[in-house]
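Asker: Dropping the sequence and predicted coords here.
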Amino acid sequence: MTTEEATGTGAAAATPGWLDLLGRRHGAVAAALAGGVALHAVNVYLATTVLPSVIEDIGGARLYAWATTVFVVASVLGSVLAAAVLARTGPRAAYRWSAAALLVGTVVCALAPNMVVLLVGRAVQGLGGGLLFALCYSVVRIVFEEALWPRAMALVSAMWGVATLVGPALGGAWAQAHVWRGAFWTLVPLLALCAGLGARRLPGRSGEPGSVRLPWGAVGLLSAAVLVVSAASVAESLSVNAVGVLVAVVLLCVWARHERGAAVRVLPRAAFGPDRRLRLTYVTMAGLVVASCVEVFVPFFGQRLQGLGPLGAGYLGAAMAAGWTLGSVVLSGATARRALVVATAPVFSLVGLVVLVAVAPVRSSGVAAVSSVAAGLVLLGWGVGAAWPHLLTDVLRLSGDGDQDVAGASTTTVQLTATAFGSAVAGMVANASGFADPATTADAARHLYAVFLVPAAVALIGAVLVSGARSGKRVPAGE
């Protein structure tokens with residue numbers, strides 16, 4: 001493959017449209033992959049919405065934060081194991097087993113008599129969901145021709161925007177009816193359908209080696225890093241927060257060193273080769289994801305500062321997801337201008353955060369104030385969504401031919417790990433700024449959005465560098 005083909009800067013044939021992806025030939029497979037990610041994503045937002053009602057019913061308030069922590073750690077574990085599971089079982093069986101694990105975890109949550117059992121269910125949900133999420137990205141390059149990869153990646157990515165709208169509404173409706181268990185039970189038949197029928201159109205085998213060792217070293221180091229930073233984020237002591245971040249960063253450095261020399265990796269071999277484009281692509285992805293983690297506190301600030309009710313504040317947070325979805329759908333077909341789209345997309349996220357620094361701390365329930373906050377969130381999300389399908393596609397294109405399964409799963413591992421770190425840092429900044437105190441909530445909002453300008457700037461630098469690093473060719477297998 002030539003440099004122009006790898007970077008998308010040369011002349012190309014007409015980009016396939018959405019009908020090529022969603023038509024009779026590919027529609028069923030596209031629906032299965034999109035449905036798998038949508039069910040995982042809906043579960044994320046649904047669980048977050050009903051957790052306050054869960055605590056009121058079965059207790060366990062001291063373990064509240066761990067309902068998210070164990071889910072995130074298990075999700076990272078599932079995403080890391082995805083490449084090995086896919087190679088050993090093939091797309092169809094891997095999809096069904098991961099959907100079945102998500103189903104079992106959901107049933108455990110629905111039946112949980114206490115918080116400890118709920119945490120077990122959340123862990124199983126995270127493992128199955130992370131595995132399913134990574135598999136859907138990995139299977140894209142197996143079942144679709146390369147020209148359709150950007151559209152397929154955009155479709156899968158857009159499911160998070162859909163989930164942000166559906167999850168809070170579904171969970172909120174059951175919670176308001178004082179039947180929080182019904183929220184989990186609603187997902188059970190959908191997951192059963194996904195596990196039983198959704199994978200029928202997927203290939204039984206990928207045509208690649210079926211014996212792959214599991215990267216247990218990488219799994220342990222990544223899981224430990226995520227667990228440490230997540231646990232430290234719920235501590236009230238700033239010194240504990242700082243130590244937790246430091247230990248997690250050290251563990252990530254050890255993991256990166258381990259990856260460089262390991263026989264079984266989480267990242268493709270090309271990530272450590274002389275061509276820096278793949279490394280820069282991962283840096284850009286991580287920066288954008290971390291910047292988007294301000295979304296965690298948007299509903300809280302919406303209620304405290306903009307005077308919105310719980311439902312309105314929840315949907316204010318959905319503005320970022322709407323921007324992400326629109327950016328992905330509108331610009332996924334801009335393959336001839338991929339380098340330009342990737343280089344400029346983080347600018348929108350930076351501008352969105354600047355808008356939020358200026359308007360989010362304002363205590364006003366007026367239309368202008370709420371609309372301004374929503375506009376900042378849409379810009380933030382647009383920046384991520386516009387670049388995302390192209391970044392995901394570039395990971396597949398720039399990885400060695402023998403590392404395609406690893407490449408597909410690595411995108412999810414990077415995204416989930418960055419989300420864990422971003423959410424933890426957001427919690428630390430908010431706690432340190434006294435976000436819960438009405439007198440300092442506005443200052444906390446300003447500090448949070450200002451701090452997260454840094455990862456957005458890192459993403460911009462990475463995007464500009466990766467768009468300019470056009471020398472070198474696609475890494476062949478074995479190098």
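Answerer: Received the coordinates, thanks.
Asker: use CA for all of it now, contacts and neighbours both
Answerer: Will do.
Asker: Would you mind confirming that Gly383 is in contact with Gly327?
Answerer: Yes: look at Gly383 against Gly327 with C-alpha atoms under 8 Å: they come within range, at 7.0 Å.
Asker: So for those two, which residue has more residues nearby?
Answerer: Shown here are Gly383 and Gly327; by other C-alpha atoms under 10 Å, Gly383 has more neighbours (30 against 25).
Asker: so who does the more buried one touch?
Answerer: For Gly383, the contacting residues are Gly323, Trp324, Gly327, Ala345, Pro346, Val347, Phe348, Ser349, by C-alpha atoms under 8 Å, 6 or more residues apart in numbering.
Asker: Check whether the second one really touches Val156, as I assumed.
Answerer: No: counting by C-alpha under 8 Å, Val156 is not a contact partner of Trp324; they are 11.9 Å apart.
Asker: so where is this structure shaky, pLDDT-wise?
Answerer: Within the chain, the stretches with pLDDT under 70 are 1-15, 61-62, 64-65, 198, 205-213, 310-311, 314, 401-402, 404-405, 469-479.
Asker: Mind telling me what element the residue nearest to the spatial centre of it is part of?
Answerer: Centroid-nearest residue in the chain, with C-alpha atoms, centre = their mean: Gln415, separated by 4.6 Å. Using DSSP states H and E, Gln415 sits in helix 404-432.
Asker: What of Gly130?
Answerer: Following DSSP H and E, one finds Gly130 within helix 115-143.
Asker: ok now that helix, how far from the chain's centre?
Answerer: Helix 115-143 sits 12 Å away from the centroid of its parent chain (C-alpha atoms, centre = their mean, to the nearest Å).
Asker: Now do that helix against helix 404-432, angle only.
Answerer: Angle between the axes of helix 115-143 and helix 404-432 is 140 degrees (criterion: axes from the mean of the first three to the mean of the last three C-alpha atoms, to 10 degrees).
Asker: what's downstream of helix 115-143, the next helix or strand?
Answerer: Helix 115-143 is succeeded, C-terminally, by helix 149-176 (DSSP H and E).
Asker: quick one: that following helix to helix 115-143, angle?
Answerer: 160 degrees.
Asker: Go through helix 149-176 and flag the buried ones.
Answerer: Buried residues in helix 149-176, counted by 16 or more other C-alpha atoms under 10 Å: 149-175.
Asker: How about stretch 214-224?
Answerer: Leu214, Pro215, Gly217, Ala218, Val219, Leu221, Leu222, Ser223, Ala224.
Asker: Give me the contacts around it.
Answerer: Contacting residues not belonging to stretch 214-224 are listed as 73-74, 76-77, 80-81, 84, 248, 251-252, 254-255, 258-259, 264-266, 417 [C-alpha under 8 Å, 6+ apart].
Asker: Is there a quick PyMOL command that grabs whichever of these are buried?
Answerer: Entered in PyMOL, the line below selects the buried ones among those, by 16+ other C-alpha under 10 Å:
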select buried, resi 73+74+76+77+80+81+84+248+251+252+255+258+259+264+265+266+417
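Asker: Look up how far Glu259 lies from Asp394.
Answerer: Counting by C-alpha to C-alpha, to the nearest Å, the gap from Asp394 to Glu259 is 20 Å.
Asker: er, Ala319 I mean
Answerer: 37 Å.
Asker: what do you get for Ala444?
Answerer: Separation of Ala444 from Glu259 (C-alpha to C-alpha) stands at 38 Å.
Asker: Identify those among the contacts of stretch 214-224 that sit within strands.
Answerer: Among the contacts of stretch 214-224, no residue falls in strands (DSSP state E).
Asker: all helices for the stretch 151-300 of the chain, in order.
Answerer: Ranges of helices in the stretch 151-300 of the chain, per DSSP state H, counting those that start in this stretch, are 181-193, 216-233, 238-261, 277-292, 298-304.
Asker: could the ones you listed be laid out in TSV, adding distance to Pro389?
Answerer: Converted to TSV, the helices of the stretch 151-300 of the chain look like this (distance: least, C-alpha to C-alpha, whole Å):
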stretch	distance to Pro389
helix 181-193	26
helix 216-233	25
helix 238-261	25
helix 277-292	11
helix 298-304	25
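Asker: To Gly128, which of those helices lies closest?
Answerer: Across the helices of the stretch 151-300 of the chain, Gly128 has its closest neighbour in helix 181-193 (11.2 Å, C-alpha to C-alpha).
Asker: so what does the closest one touch, helix or strand wise?
Answerer: With contacts taken as 3 or more C-alpha pairs under 8 Å, 6 or more residues apart in numbering; DSSP states H and E, helix 181-193 sits against helix 27-58, helix 91-111, helix 149-176.
Asker: Figure out which of those helices is closest to Phe421.
Answerer: Smallest distance to Phe421 across the helices and strands packed on helix 181-193 (C-alpha to C-alpha): 16.7 Å, for helix 27-58.
Asker: could you give the angle of the closest one to helix 181-193?
Answerer: Angle, helix 27-58 to helix 181-193, by the same axes, to 10 degrees: 150 degrees.
Asker: Can you give me the buried ones in helix 27-58?
Answerer: Going by neighbour count (16+ other C-alpha under 10 Å), the buried part of helix 27-58 is 28-47, 49-51, 53-55.
Asker: Then stretch 324-337?
Answerer: Trp324, Thr325, Leu326, Gly327, Ser328, Val329, Leu331, Ser332, Gly333, Ala334, Thr335, Ala336.
Asker: Redo those as JSON lines? Include secondary structure and distance to Leu191.
Answerer: Output for the buried residues of stretch 324-337, formatted as JSON lines (DSSP: H, G, I helix; E, B strand; the rest coil; distance: C-alpha to C-alpha, whole Å):
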{"residue": "Trp324", "secondary structure": "helix", "distance to Leu191": "25"}
{"residue": "Thr325", "secondary structure": "helix", "distance to Leu191": "23"}
{"residue": "Leu326", "secondary structure": "helix", "distance to Leu191": "27"}
{"residue": "Gly327", "secondary structure": "helix", "distance to Leu191": "28"}
{"residue": "Ser328", "secondary structure": "helix", "distance to Leu191": "26"}
{"residue": "Val329", "secondary structure": "helix", "distance to Leu191": "26"}
{"residue": "Leu331", "secondary structure": "helix", "distance to Leu191": "31"}
{"residue": "Ser332", "secondary structure": "coil", "distance to Leu191": "28"}
{"residue": "Gly333", "secondary structure": "coil", "distance to Leu191": "31"}
{"residue": "Ala334", "secondary structure": "coil", "distance to Leu191": "34"}
{"residue": "Thr335", "secondary structure": "helix", "distance to Leu191": "34"}
{"residue": "Ala336", "secondary structure": "helix", "distance to Leu191": "38"}
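Asker: Enumerate every residue touching Phe300.
Answerer: The contact partners of Phe300, by C-alpha under 8 Å, 6+ apart, come to Ala313.
Asker: Quickly note the distance from it to Val373.
Answerer: According to C-alpha to C-alpha, Phe300 and Val373 sit 13 Å apart.
Asker: How about Ala147?
Answerer: Using C-alpha to C-alpha, we find Ala147 at a distance of 37 Å from Val373.
Asker: Those two: who's more crowded?
Answerer: A count of neighbours by other C-alpha under 10 Å puts Val373 above the other of Ala147 and Val373, at 26 against 18.
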